[in-house]
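K.L.:
dropping the sequence and predicted coords here.
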Amino acid sequence: MDFGIASVAAITVIAYLIGAACKASAKVPDTWIPVICGSVGALLGIAGLYLMPDFPATDIVNALAVGIVSGFAATGINQVYKQATKNEP
């Protein structure tokens, strides 16, 4: 059974890249980055519903949910990386 994992991973990667670009611009406060990633994920989730045949949602509400969670996962991946590379005395 295929759950469209590749499309969900693609949303996460794109949201992560946009979040990283916002952080690098230094014009966007860090507190807004999760909101931006979630919003980008939501938009990509809706696009995925209509453009990807293997997308794991069949209606717009679930597509939004999949997209938002994928966008928030991008923020979580960033935090896991930061914690793993943090040098504690």
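P.N.:
Yes, it's here. Numbers count the residues shown, from 1 in each chain.
K.L.:
low-confidence regions, this structure specifically.
P.N.:
Applying pLDDT under 70 to the chain flags the ranges 1-5, 88-89.
K.L.:
do that again at 80, thanks
P.N.:
By pLDDT under 80, the low-scoring segments of the chain are 1-7, 78-79, 81-84, 86-89.
K.L.:
where along it do the helices fall?
P.N.:
5-25, 33-51, 60-84 (DSSP state H).
K.L.:
mind putting the ones you listed in TSV, mean neighbour count included?
P.N.:
(C-beta placed from N, C-alpha, C; glycine too.) As requested, the helices of the chain are exported to TSV (neighbours: other Cβ atoms under 10 Å):
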stretch	mean neighbour count
helix 5-25	17
helix 33-51	20
helix 60-84	17
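K.L.:
now do the residue positioned nearest the centre of the chain against Ala57, distance only.
P.N.:
Centroid check for the chain by Cα atoms, centre = their mean gives Gly71 as the closest residue, at 2.0 Å. Remark: distance between Gly71 and Ala57 (Cβ to Cβ, to the nearest Å) = 14 Å.
K.L.:
same question for Ala63.
P.N.:
4 Å.
K.L.:
find residues that contact each of these two.
P.N.:
Common contact partners of Ala63 and Ala57 (Cβ atoms under 8 Å, 6 or more residues apart in numbering): Gly45, Gly48, Leu49.
K.L.:
among those residues, which one sits closest to Gly76?
P.N.:
When these are compared for distance to Gly76 (Cβ to Cβ), Gly45 comes out closest, at 16.7 Å.
K.L.:
now that closest one: closest residue in space, sequence neighbours ignored.
P.N.:
In space, Gly45 comes closest to Gly67 once its chain neighbours are excluded; the distance is 1.9 Å by Cβ to Cβ, 6 or more residues apart in numbering.
K.L.:
no further queries at this time; thank you.
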